[in-house]
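J.: just a sequence and a predicted model for now, questions to come.
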Amino acid sequence: MSTSASSINSIMKFLIIGQGLAGTLTGHRLEEAGHLVHYADAPEQTAASSVAAGIVNPITGRRFVKSWRIDELIPEAKGLYSQLEQTLGHKFWYEQPLIRTLYNRGDLNDWQARSADPGYPEYMEDQPDPGKIPELTDSVFAYAGVRHAARVDVAGLVQAFRKKLIQENRFQDEEADYAQVPVLLGAVAGAKKGIKSSEDYDHVICCEGWRVRHNPYFRYLPHGGNKGEVLIVKTKAPLLDRMFKHRIFLVPLADDTYWVGATSENHFDDDSPTPANRKFLEDRLAEILTGTDYDISSHKAAVRPTVKDRRMFIGQHPKVPGLWILNGLGTKGASLAPLGSRWLVESILENKDIPAEVNIHRFTSR
């Protein structure tokens, strides 16, 4: 089947390589548009989607800066995750206040000055209600509140979606064989061993996360990687009803535990948890949870796919029609993936331009 314009209004067949958050959201959008989507994912490899807390944080960093395009990202994310809740019958989107520590008078002055800037008051609160945080933690100089923060159950979403795909026989638990991605008259044919079909795929979309570094078609892009490690902790006290940032994040989860993290490493040997980072997290946790006993349930690690300019990779391969990529979501995948998947799908189905700042054409294929 060809990728010509005449096929745009007909039912097309897609293969998505990588069924993490990016692949899941992209596939859902294509299915909602009436197209047939198959998925393939590598077995026994830890994806960032399975470890991430899914924090949507409008105000980030030591300089208290609004996240890129946050005014667009939040409504897009809330709408798409809420739609998936209806489709899959599970809750994934949790709107939770975010309280962060201000350590001294300088921090407080900077926060108050920033909150007066145009576009910032909607997201910043000078005197937030910290809830039960003071009961379970040491006192701090001051608290600041971030409005419109949320948490996405990324792992739960990916797992629930995969269960549906397996039931519908549209998922293959296999490594991608890139040698089987030949191009024939503008159609990507036989792209994935194990997908049994008498037809070619109209499009193949690569959403492999950190594993994209093995993809020969997109190897020319300046891929980076950031390894993060986290702890899952259960306390003897009732859970807080809001997220807390005090050097690291303390995020209440739906199963009466906390997500604690994360570390950040740009240079690493593998994606396995390390004793040094466990100790770092344990020490930071001991500084935070001083008012209750707790048990560490697990220690996890994964590698986030990153980009040097901190913008996603979205677009069609410059020399292979029908071969696309959505990658490089970094540490903000829960907020970036909904908008990124819309831009990708609209480009494929409606021939809309992908914003230049995320379009892979900003890099030259070699």
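T.: Received it, and whenever you're ready, just let me know what you need.

J.: isn't residue 20 up against residue 209?
T.: Yes: counting by Cβ atoms under 8 Å, residue 20 touches residue 209, with 5.3 Å between them. For the C-beta atoms, the positions are set from N, CA and C on the backbone; glycine is no exception.

J.: shared neighbours of those two, anything?
T.: By Cβ atoms under 8 Å, 6 or more residues apart in numbering, residue 20 and residue 209 have these common neighbours: 47, 48, 49.

J.: what does stretch 152-164 contact?
T.: Applying Cβ under 8 Å, 6+ apart, the contact partners of stretch 152-164 are 19-21, 24, 27-28, 39, 41, 47, 49-54, 56, 77, 81, 84, 88, 90-94, 171, 253-254, 333-334.

J.: so residue 246 bridges to which residues?
T.: Taking DSSP bridges as the rule, residue 246 bridges to residue 248.

J.: so what's it up against?
T.: 100, 101, 137, 140, 284, 287, 288 are the contacts of residue 246 under Cβ under 8 Å, 6+ apart.

J.: one step back: just the buried ones from the contacts of stretch 152-164?
T.: 19-21, 24, 27-28, 39, 41, 47, 49, 51-54, 56, 77, 81, 84, 88, 92-94, 171, 253, 333-334 (16 or more other Cβ atoms under 10 Å).

J.: which of those residues fall in helices?
T.: Among the buried ones among the contacts of stretch 152-164, the ones falling in helices (DSSP state H) are 21, 24, 27, 28, 77, 81, 84, 88, 333, 334.

J.: could you pull up phi and psi at residue 339?
T.: phi -70, psi -40 (degrees, to the nearest 10).

J.: circling back: in helices, which of the contacts of residue 246 fall?
T.: Mapping the contacts of residue 246 onto helices (DSSP H) picks out 284, 287, 288.

J.: what's the distance between the second one and residue 151?
T.: Right, residue 287. Plainly put, residue 287 is 22 Å away from residue 151 if you go by Cβ to Cβ, to the nearest Å.

J.: over to the last one?
T.: Separation of residue 288 from residue 151 (Cβ to Cβ) stands at 18 Å.

J.: contacts only, for the nearest residue to residue 128 once chain neighbours are set aside.
T.: Distances taken as Cβ to Cβ, 6 or more residues apart in numbering place residue 145 nearest to residue 128, at 2.7 Å, with adjacent residues excluded. Residues in contact with residue 145 (Cβ under 8 Å, 6+ apart) are 97, 98, 99, 100, 124, 125, 126, 127, 128, 129.

J.: ok, now residue 109?
T.: Residue 109 touches nothing, counting by Cβ under 8 Å, 6+ apart.

J.: correct me, but residue 258 touches residue 251?
T.: Yes: the criterion here is Cβ under 8 Å, and residue 258 meets it with residue 251 at 6.2 Å.

J.: tell me where this structure has helices.
T.: Using DSSP H, helices in the chain cover 21-32, 70-88, 105-115, 133-136, 154-167, 275-288, 333-350.

J.: quick one: contacts of the shortest one?
T.: For helix 133-136, contacts defined as Cβ under 8 Å, 6+ apart pick out 99, 143, 235, 237, 240, 242, 244, 289, 290, 291, 292.

J.: cutoff 7 Å now
T.: 99, 237, 240, 244, 289, 291, 292 (Cβ atoms under 7 Å, 6 or more residues apart in numbering).

J.: with the longest one instead?
T.: Outside of helix 70-88, the residues within contact range by Cβ under 7 Å, 6+ apart are 25, 28, 56, 58, 67, 91-93, 148, 152, 157, 160-161, 164, 335-336, 338-339, 342.

J.: in ChimeraX, how would I select the buried members of the residues you listed?
T.: Buried members of the contacts of helix 70-88 can be picked out in ChimeraX with the line below, counting by 16+ other Cβ under 10 Å:
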select :25,28,56,58,67,92,93,148,152,157,160,161,335,336,338,339,342
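
J.: just to revisit the earlier point, of the contacts of residue 246, just say which sits nearest to residue 363.
T.: Comparing the contacts of residue 246 against residue 363 with Cβ to Cβ picks out residue 100 as the nearest, at 34.8 Å.

J.: ok, what's across the strand from that closest one?
T.: Beta-bridge pairing of residue 100 under DSSP bridges involves residue 144, residue 245.

J.: quick one, what contacts the residue lying closest to residue 23 once chain neighbours are set aside?
T.: Closest residue to residue 23 apart from its sequence neighbours, by Cβ to Cβ, 6+ apart: residue 207 at 3.7 Å. Residues in contact with residue 207 (Cβ under 7 Å, 6+ apart) are 16, 17, 18, 20, 22, 23, 26, 326, 327.

J.: residue 258 and residue 251 - which one has more neighbours?
T.: residue 258 (26 against 23; other Cβ atoms under 10 Å).

J.: so who does the more buried one touch?
T.: Here residue 258 is in contact with 233, 235, 250, 251, 252 (Cβ under 7 Å, 6+ apart).

J.: highest neighbour count among those residues?
T.: residue 250 leads the contacts of residue 258 on contacts (other Cβ under 10 Å) with 25 neighbours.

J.: okay, that one and residue 238: tell me how far apart.
T.: For residue 250, the distance to residue 238 - Cβ to Cβ - is 14 Å.

J.: same question, residue 161
T.: According to Cβ to Cβ, residue 161 stands 31 Å off from residue 238.

J.: what of residue 269?
T.: 40 Å.

J.: which ones are touching residue 295?
T.: Per Cβ under 7 Å, 6+ apart, neighbours of residue 295: 233, 234.

J.: how does it look with 6 Å?
T.: residue 234 (Cβ atoms under 6 Å, 6 or more residues apart in numbering).
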